[in-house]
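Participant: Take this sequence and fold it.
(2 chains)
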2 protein chains.
Amino acid sequence: MEEEQSPRLAGEPATEPGPAPELECKNEDGVEDPEDPESTGGGSGNGNGISSLEQPLLKRSTTLTASHLAIVGAKVSHIESLDYEIIENDLFKHDWRSRSNVEVLQYIFLKWAMAFLVGLLTGVIASLINLAIENITGLKMLHMVNLVRERRYWAGFFYFAGVNFALTFVAAVLCVVFAPTAAGPGIPEIKAYLNGVDTPNMFGAPQLIVKARRFCPIIGSIGAVSSGMDLGKEGPLVHIGACLANLLSQGGEGRWRLRWRWLRYFNNDRDRRDLITCGASSGVCAAFRAPVGGVLFALEEVATWWRSALLWRTFFSTATVVVVLRGFIEVCRNGRCGMFGEGGLILFDVSDVTVRYHVGDLLPVTLVGVLGGVLGALYNHVLHQVLRLYNLINAKGRLAKLALALAVCVFTSAGLYLLPFAVPCTPCDPAFSDACPTVGKSGNFKQFNCPDGYYNDLASLLHATNTDATRNIFSTGTAGEFRLDSLLIFFAIYCVLGLFTFGIAVPSGLFLPIILMGSAYGRILALVLARFVHIDHGLYAVLGAAALMSGSMRMTVSLCVIFLELTNNLLLLPITMFVLLIAKTVGDAFNPSIYEIILDLKGLPFLEPKPETWMKDLTVGELAAAKPRAVTLQVVEKVSTVVEVLRSTPHNGFPVLDRPRPGVSELHGLVLRSHLMAVLRKRWFLAEKRRTEEWEAREKFSSTELAEKAGNVDEVQLSPEELDMYIDLHPFTNTTPYTVVETMSVAKAVVLFRTCALRHMLIIPKFQGAEISPIVGMLTRQDLRAHNILGAFPHLANKRKVH
Amino acid sequence: MEEEQSPRLAGEPATEPGPAPELECKNEDGVEDPEDPESTGGGSGNGNGISSLEQPLLKRSTTLTASHLAIVGAKVSHIESLDYEIIENDLFKHDWRSRSNVEVLQYIFLKWAMAFLVGLLTGVIASLINLAIENITGLKMLHMVNLVRERRYWAGFFYFAGVNFALTFVAAVLCVVFAPTAAGPGIPEIKAYLNGVDTPNMFGAPQLIVKARRFCPIIGSIGAVSSGMDLGKEGPLVHIGACLANLLSQGGEGRWRLRWRWLRYFNNDRDRRDLITCGASSGVCAAFRAPVGGVLFALEEVATWWRSALLWRTFFSTATVVVVLRGFIEVCRNGRCGMFGEGGLILFDVSDVTVRYHVGDLLPVTLVGVLGGVLGALYNHVLHQVLRLYNLINAKGRLAKLALALAVCVFTSAGLYLLPFAVPCTPCDPAFSDACPTVGKSGNFKQFNCPDGYYNDLASLLHATNTDATRNIFSTGTAGEFRLDSLLIFFAIYCVLGLFTFGIAVPSGLFLPIILMGSAYGRILALVLARFVHIDHGLYAVLGAAALMSGSMRMTVSLCVIFLELTNNLLLLPITMFVLLIAKTVGDAFNPSIYEIILDLKGLPFLEPKPETWMKDLTVGELAAAKPRAVTLQVVEKVSTVVEVLRSTPHNGFPVLDRPRPGVSELHGLVLRSHLMAVLRKRWFLAEKRRTEEWEAREKFSSTELAEKAGNVDEVQLSPEELDMYIDLHPFTNTTPYTVVETMSVAKAVVLFRTCALRHMLIIPKFQGAEISPIVGMLTRQDLRAHNILGAFPHLANKRKVH
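Facilitator: Below you'll find the model as predicted:
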């Protein structure tokens, strides 16, 4: 069913004068606090506000019986849903019936070509970002270390902090001014998008300074990571991959937009969703050089709907990414790209250690998992509080955001620079195979402030890119390399940084901070439990990282494969699985995963896979009765009524009723706001009330026009004569919407809604007669969210919740 | 929603006198030919036969208007569907409402404990099977080689062939006599089961000799693999894993069945489905020692419905399997288990080769993929024909089956023993790191009939278990080890064996035969293209195997991970991905995957994920009009009517109508045959026509009783007085069945049916009045299969099919 084109529904919110200021604020914020009435895009009071706004209209028109806003007391937000359902109206049916085999082949080819392009571009951009980061950081470190060796410590500090400040400034200004949605990891938004939530401005809106926005995540990510802050580039890379996918699915943007005729088959939410899934997995693949891990990450964490065909296409994208990365590494071999190109396709290779299992390892490994779960849950909890605090700060305006980012940068720089002075120098052990001590960017044994023959183990970890630091702490066969106090300092500072860096207004990923924290924790545990530990300390660092990741993100298979592809040690796999399972179990006992926390903070209406148990006690009919009645249209309707309905309600779908015989009213289907707007813009009006022939609409409306967003109804100026004419909705009405009978339980309705990826679900009466309306109500995503239902039916909250 | 219990529906077919002989034959056959009218479980004629059987009944009763058999002309089979939908009737609602938190925790614990047990037992059984196979084969080979070294060639041959014959005899007799469903790979049946098809006798039926059946796949697999035939143990292992899961979900069987009260929560199709998924992945994991690959195999190939929670539990099972396998390997180190225990956790380790990519490799690697796809498709095509031929042979009875299996065994033995004599001996190259020549079971350079200092390269491949043969042909750094003519002979004989061994009546897997064929093909290609090949020939063998697997089975990500876990060479991964993608694309251009072919041959009504394009041109109302009307019941119904309905129709669900007011008829819900049977068995009848209170049914029926299978209606003997009484269906009626309006397109109905895992889908009228029935019809799995619809609407077949 992939080949159909479902015209896109309104991504733009309709006019909704009430909550506009809040919306503006929400657009700007990366993270929004639902419990803070100031920043919520519509609290309970807001919902009532809209209802009261609607009230006068209801009195004016008889057709406009009521509105189907979210249930009273529920969170109302301007966030729209996506149309993953197939809109089977006359025009669409004619469109796919008339599609030739050549066009279908073009479409299939296009899908694969796009998946290839997404992989190619993501790979190229990821390589360029890496190239820039490695070179900037390398040069920065080189100069700083030279100043330190000349014992000009303060000059070194100011140079280091100054460069970092400048880099952060660039990144933060870009994000704050041009692309607020580029801040943060991007993964929760993409997760919500693939769940059917049209995250506003997620993939860029043309009205803003487009090119700057486009490059914001790229340059922002380079600046932020190069500045030495505790953030990764994997979140931004996933975001970049998804943005590229979105861009390609539209054929580009602005002046450079391709206007191929066959690109139109692609201009629908379903195909875009598939491509964005490819983009997200390409991003993960590019970040970790893990093609299978990328696919599994998209499968396990990001995507809501998944099919075998998508698995295959996603795999193709990540394969392309790997080939591109590999190509860049080959080209840049031998220093042809400055300091980029060292290290192979495997980021943190620990395959030189042969893992042997002993029964005695069971206990410390279990401990790694349990503590990892506890720490991960604790991290989630504290980060949640920090993000709420940061929301308050960020809400104060752009300057506050910028100041926050710069403050974190200065604090980070001070910590990274000064802390190595606190630990004593360690003499180089001739048994180490690597060069010792080293000066410059990479290397495991940094000399820093030490005399020749000695190295500063904390500097090895702190004075490096996060990737190099991870590589150092994962290094195997070096049990004595790091002192316990250095590791404790490292762990402490990265815990603090990991908590306070994430929420600032720069593109930031969560993976590397958690890996760094976790690896330090694993290595500390190995040192503490040295007498029980038979496995290499480097592998303990890997296990610690895996445990903390799982404890915070609650992924299993994808993390397992990502770690396998990162470390290339297959024999470690069973232990990794063991640790991941324990950490996830322990973490789940405390709180939800970090992505769920962020989704909730951002107020994105994510639909959970499992309905709550108490939903069985409620029927959809009762749910519909608790909200205003749905606004319906007649199948041949007056222009003035349509305009009024569009103007007075923010809805995106309207049930269409038909009267085949006098006294008989039946449900004809559902019409979309965007299609009504297309009719108004074209002024396709009828002088008398009649049903049109199919060809009349067909020769007037192209599928491209119908795929456009709704836009604002006030843009269309109609004369009083025109308002007195009629519109025939037959050609535009989706005659096959999914329906449920009013006695259906909400639990099963939620299953239907989510598995069939609906946007509107119509409720039909159990018994229908002449005096009964053929439609009981209409449910949307917001109506089916547990939180919103509990707002309207608080007594259900007392029922036990079982997972 | 996992915690609910949905009472199980009739797995046993109801009395259906017409096609009984065909059914019997089908039960016996592993594979059934749909185009052979003799062996079909109901062809077009058969469908009409049932209709004519129904006709008299229709005249007798007014309630029994008609039957909802599959559409005229469609394939009717006795295969039942499974109930994955939640049956929300009063009793069920009361049951989950009254469930305490302790019970819920017990249930959750039980789910995890079962996943653990499945992994544990699968791991133990797989290890024991391996142990037996390695020892039997080893001893067999040792004696045979000794006879050859004494130049007693004929004695060697008869010894070799005789032992193989005996082993095959044991395996085949077990399968033919006791457990016909144990023959073949089992994977297609499990795939169908997880799609909602209750494959008959798949997981054993208690009326047969139970214990023999239970061990049949195990002993059969040992015998068949030890006999040197070209079949693998991975299919049987998957089958064993699934059987174990099924057994555990019922708490055991027969006298040893556990009757824990809380086990009842598990006695439903949905939980069993989840557990069988765990079992299937455990089987793959045990076969390839690939925990992640096992999970992905279940995800990509086997399971139809998938959720994150299941991913995690499956992963837990496979992790357990790996720990068990690892434990056995540790215990059996240093020959403590005879010839078992050599080799580590990685079956075919090729990690000693560092892969370097050259642009020049692109062409030969592409060729590997393209040819692999062509060969895979060709293999599928020829195997299809062979299986059809074998069906004819196997249909002739048990003796024919046995003779076929033994003939294949003799042919195999002759080929394996005699062919090495056809190639000249190769002198040992001192550069080889392995011992050369070797005598005995393992070793890469078998001396066989050669003088000292020489080895027979073909004997190295043919005189070994399939696993050892694969290890030998995958061996790296040995470009000159195998002669081209030896490889060609090997490839040719394994092509023949691979095609003619699969369909015989022993447990047989498809993976290893294809891997063997593919590895030979890859190595031949490497030898032929030697001048263009920069990658090790052993890796080419790996790529060839991957290409052929993908060309035949059409999997991508799971194969990729399985090969990664088999070979432990991460750097090969991008090339493997590339080859897999090409081979799958090429193969898809020719025919469907081998599993789809087998599913089709077996006549299992698998529901494809994608509806056909032409299904948009048909409404469910038209579909329902083409078949007899649904048999409905009144909500308080006469006992005699219920008995008549149950006796005269094979249906498993009946729409229940209600008359709340005179002249008004509305749809109350759907009642299951098994629940009606439970009522009849309990004789829960009412003297007068009245509605019962909820407690009346609740104190009479336990959920365990309602979870039982329907059984035969003739088992219940009712007196004429009882037949004149009434049954209140209120407590048993699922009041929330999924419904579609009659104008819904079949395409969207199929999506609903499959994504929500339905068994019955009710069609309700668009407009409902006093004179109109509240139900238009009912659709089941068979009605929504493309093949069956096209039987009733042949004109739709002309429409283009697009994938």
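
Participant: is it true that residue A:387 touches residue A:504?
Facilitator: No - Residue A:387 lies out of contact with residue A:504 (C-beta atoms under 8 Å); the separation is 10.4 Å. Glycine gets a C-beta too; all of them are placed from N, C-alpha and C.

Participant: Give me every residue in the stretch 101-250 of chain A lying close to chain B.
Facilitator: By C-beta under 8 Å from any C-beta of the partner chain, the part of the stretch 101-250 of chain A that sits against chain B consists of A:101, A:104, A:108.

Participant: What confidence value was assigned to residue A:770?
Facilitator: Here, the pLDDT recorded for residue A:770 equals 61.

Participant: looking at chain A, which helix or strand is least sure?
Facilitator: helix A:20-28 (a mean of 28; mean pLDDT, DSSP states H and E).

Participant: gap between the residue nearest to residue A:564 when sequence neighbours are not counted and residue B:777?
Facilitator: Spatial nearest neighbour of residue A:564, excluding adjacent residues (C-beta to C-beta, 6 or more residues apart in numbering or on different chains): residue A:573 at 5.8 Å. Remark: distance between residue A:573 and residue B:777 (C-beta to C-beta, to the nearest Å) = 52 Å.

Participant: tell me how far the helix or strand hosting residue A:243 is from the chain's mean position?
Facilitator: Secondary structure assignment for residue A:243, by DSSP states H and E: helix A:234-249. Centre-to-centre, helix A:234-249 and its host chain are 10 Å apart (C-alpha atoms, centre = their mean, to the nearest Å).

Participant: what mean pLDDT would you report for it?
Facilitator: 85.

Participant: circling back to that earlier point, give the residue from residue A:387 and residue A:504 that has the larger number of neighbours.
Facilitator: Between residue A:387 and residue A:504, residue A:504 has the larger neighbour count (other C-beta atoms under 10 Å in any protein chain shown), namely 30 against 23.

Participant: check contacts around the more buried one.
Facilitator: Neighbouring residues of residue A:504 by C-beta atoms under 8 Å, 6 or more residues apart in numbering or on different chains: A:172, A:183, A:390, A:401, A:404-405, A:408.

Participant: now it: how far from chain B?
Facilitator: Separation of residue A:504 from chain B (C-beta to the nearest C-beta, to the nearest Å) stands at 30 Å.

Participant: Chain neighbours aside, what residue packs nearest to that residue?
Facilitator: That would be residue A:405: by C-beta to C-beta, 6+ apart, it lies 4.3 Å from residue A:504.

Participant: Next, count neighbours for the one you found.
Facilitator: 27.

Participant: what do you get for residue A:482?
Facilitator: 26.

Participant: out of the residues of the stretch 101-250 of chain A next to chain B, which are buried?
Facilitator: For those, a neighbour count by 16 or more other C-beta atoms under 10 Å in any protein chain shown gives the buried set as residue A:104.

Participant: Angles on the backbone of residue A:353, please.
Facilitator: Backbone torsions of residue A:353, given as degrees, to the nearest 10, read phi -100, psi 130.

Participant: Which pLDDT value belongs to it?
Facilitator: 72.

Participant: I'd like to know how far residue A:348 sits from chain B.
Facilitator: Residue A:348 is 12 Å from chain B, by C-beta to the nearest C-beta.

Participant: Correct me if wrong: that residue contacts residue A:566.
Facilitator: Yes - between residue A:348 and residue A:566 a contact is recorded at 5.1 Å, counting by C-beta under 8 Å.

Participant: tell me the secondary structure for residue A:684?
Facilitator: Assigned with DSSP: H, G, I helix; E, B strand; the rest coil, residue A:684 falls in the coil class.

Participant: and stretch A:122-137, which residues are buried?
Facilitator: Buried, per 16+ other C-beta under 10 Å, within stretch A:122-137: A:122-127, A:129-137.

Participant: Go ahead and measure how far it is from the middle of the chain.
Facilitator: 22 Å.

Participant: tell me the average confidence for it?
Facilitator: Rounded mean pLDDT across stretch A:122-137 is 90.

Participant: quick one: whichever strand or helix holds residue A:126 to chain centroid distance?
Facilitator: In the assignment (DSSP H and E), residue A:126 maps to helix A:101-149. Counting by C-alpha atoms, centre = their mean, helix A:101-149 is centred 19 Å from the centre of its parent chain.

Participant: after that helix, next one along is what?
Facilitator: helix A:153-173.

Participant: what sits up against the next helix or strand after that following helix?
Facilitator: Using DSSP H and E, the helix or strand that follows helix A:153-173 towards the C-terminus is helix A:187-195. Helix A:187-195 is contacted by residues A:82, A:181, A:199, A:202, A:235, A:238-239, A:242, A:273, A:276-277, A:280, A:301-305, A:510, A:595, A:598-599, A:602, A:604-607 when judged by C-beta under 8 Å, 6+ apart.

Participant: One more pass at 6 Å, please.
Facilitator: Applying C-beta atoms under 6 Å, 6 or more residues apart in numbering or on different chains, the contact partners of helix A:187-195 are A:199, A:202, A:235, A:238, A:242, A:273, A:280, A:302-304, A:595, A:598-599, A:604, A:606-607.

Participant: quick check: mean pLDDT across it?
Facilitator: Helix A:187-195 comes out with an average pLDDT of 87.

Participant: Also stretch A:272-280?
Facilitator: 91.

Participant: Quick one: check that stretch for contact with chain B.
Facilitator: No - using C-beta under 6 Å from any C-beta of the partner chain, stretch A:272-280 never reaches chain B; the gap is at least 13.4 Å.

Participant: Show me what from the stretch 301-450 of chain A comes close to chain B.
Facilitator: Applying C-beta under 6 Å from any C-beta, we find that the stretch 301-450 of chain A lies next to chain B at A:307, A:311-312, A:315-316, A:319, A:322.
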